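Enquirer: Build me a structure from this.
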Amino acid sequence: MLVWILILVVVVILAVALVAGYNRLVRLRNRVENAWAQVDVQLRRRADLIPNLVETVKGYAAHERETFDEVTQARTAAQQAPGVEERAKAENVLTAALGRLFAVAEAYPQLRATENFQQLQAQLSDTETKIAVSRQVYNDTVLTYSNAIQSVPTNILASLFRFGPKPYFETDEPSREAPKVAF
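Expert: Residues are numbered from 1 along each chain as shown. Down below sits the predicted model:
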């Protein structure tokens with residue numbers, strides 16, 4: 001009788017540990033998905049600002065058609081990218097295209113002086129900061145999740161219940177450089 005009670009206690013302890021480990025992995029996976037949703041919100045906000053910015057610059061630099069088309073195509077590609085890795089690549093292309101758009105704007109002092117352009121530039125700068133923070137939170141959450149699915153004993157549960165790795169949202173090295181500000 002004592003042996004059966006011991007076996008029952010061990011089985012109950014193992015079942016509780018299994019359920020607790022599984023629930024922890026589910027919570028971590030959901031946090032990763034939530035963190036990505038926060039990044040996506042900020043990326044969409046930036047994408048919504050871009051048409052207004054392009055139109056504002058177009059009014060002053062109509063002959064820069066290639067740059068405008070490049071920004072528009074990069075924005076479309078970023079919005080249509082299906083996964084985190086593809087989205088990160090597309091966003092890197094968009095960031096580079098926006099850099100070229102601002103380089104065009106630099107050649108037009110009267111454009112830079114307009115209130116509309118300044119507001120759009122400030123909103124875009126604020127959004128870029130929010131994207132960076134959201135990306136950091138996402139990557140930190142992915143790190144925690146990755147540690148959980150690779151550490152013993154939760155790695156056994158992760159492989160048993162097919163909890164796979166999540167990609168980091170990384171940027172290209174050139175876009176990590178701080179922008180140059182001249183007064």
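
Enquirer: now the closest residue to K130 other than its chain neighbours: how far from S134?
Expert: The spatial neighbour of K130 that comes closest, neighbours along the chain excluded (CB to CB, 6 or more residues apart in numbering), is Q42 at 4.7 Å. All C-beta atoms are positioned from the backbone trio N, CA, C, and that covers glycine. Per CB to CB, to the nearest Å, Q42 is found 5 Å from S134.

Enquirer: How about E106?
Expert: In this view, E106 and S134 are 28 Å apart by CB to CB.

Enquirer: Contacts only, for the residue lying closest to F68 once chain neighbours are set aside.
Expert: Nearest residue to F68 in three dimensions, chain neighbours excluded: V54, at 5.4 Å (CB to CB, 6+ apart). Neighbour list for V54: F68, V71, T72, L101 [criterion: CB atoms under 8 Å, 6 or more residues apart in numbering].

Enquirer: Go again with 10 Å.
Expert: Contact partners of V54, counting by CB atoms under 10 Å, 6 or more residues apart in numbering, are E64, T67, F68, D69, V71, T72, R75, L98, L101, L120.

Enquirer: Is the closest residue to the first one other than its chain neighbours within a helix or a strand, and which one?
Expert: By the measure of CB to CB, 6+ apart, the closest residue to E64 outside its immediate chain neighbours is V104, 4.9 Å from it. Assigning secondary structure by DSSP states H and E places V104 in helix 84-106.

Enquirer: Restrict that helix to CA atoms and write it as PDB.
Expert: Output in PDB follows, covering the C-alpha atoms of helix 84-106 (Å, rounded to 0.1, in the frame of the first residue of the first chain):
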ATOM      1  CA  VAL A  84       9.700  38.500 -38.800                       C
ATOM      2  CA  GLU A  85      12.900  37.800 -40.800                       C
ATOM      3  CA  GLU A  86      11.300  39.000 -44.100                       C
ATOM      4  CA  ARG A  87       9.800  42.000 -42.400                       C
ATOM      5  CA  ALA A  88      13.200  42.900 -40.900                       C
ATOM      6  CA  LYS A  89      14.900  42.800 -44.300                       C
ATOM      7  CA  ALA A  90      12.100  44.800 -45.900                       C
ATOM      8  CA  GLU A  91      12.200  47.400 -43.100                       C
ATOM      9  CA  ASN A  92      15.900  47.800 -43.500                       C
ATOM     10  CA  VAL A  93      15.400  48.600 -47.200                       C
ATOM     11  CA  LEU A  94      12.700  51.000 -46.200                       C
ATOM     12  CA  THR A  95      14.900  52.700 -43.700                       C
ATOM     13  CA  ALA A  96      17.600  53.100 -46.400                       C
ATOM     14  CA  ALA A  97      15.100  54.600 -48.800                       C
ATOM     15  CA  LEU A  98      13.900  57.000 -46.200                       C
ATOM     16  CA  GLY A  99      17.500  58.100 -45.600                       C
ATOM     17  CA  ARG A 100      17.700  58.900 -49.300                       C
ATOM     18  CA  LEU A 101      14.400  60.800 -49.200                       C
ATOM     19  CA  PHE A 102      15.700  62.900 -46.300                       C
ATOM     20  CA  ALA A 103      18.900  63.500 -48.300                       C
ATOM     21  CA  VAL A 104      16.800  64.900 -51.100                       C
ATOM     22  CA  ALA A 105      15.000  67.100 -48.500                       C
ATOM     23  CA  GLU A 106      18.300  68.500 -47.300                       C
END
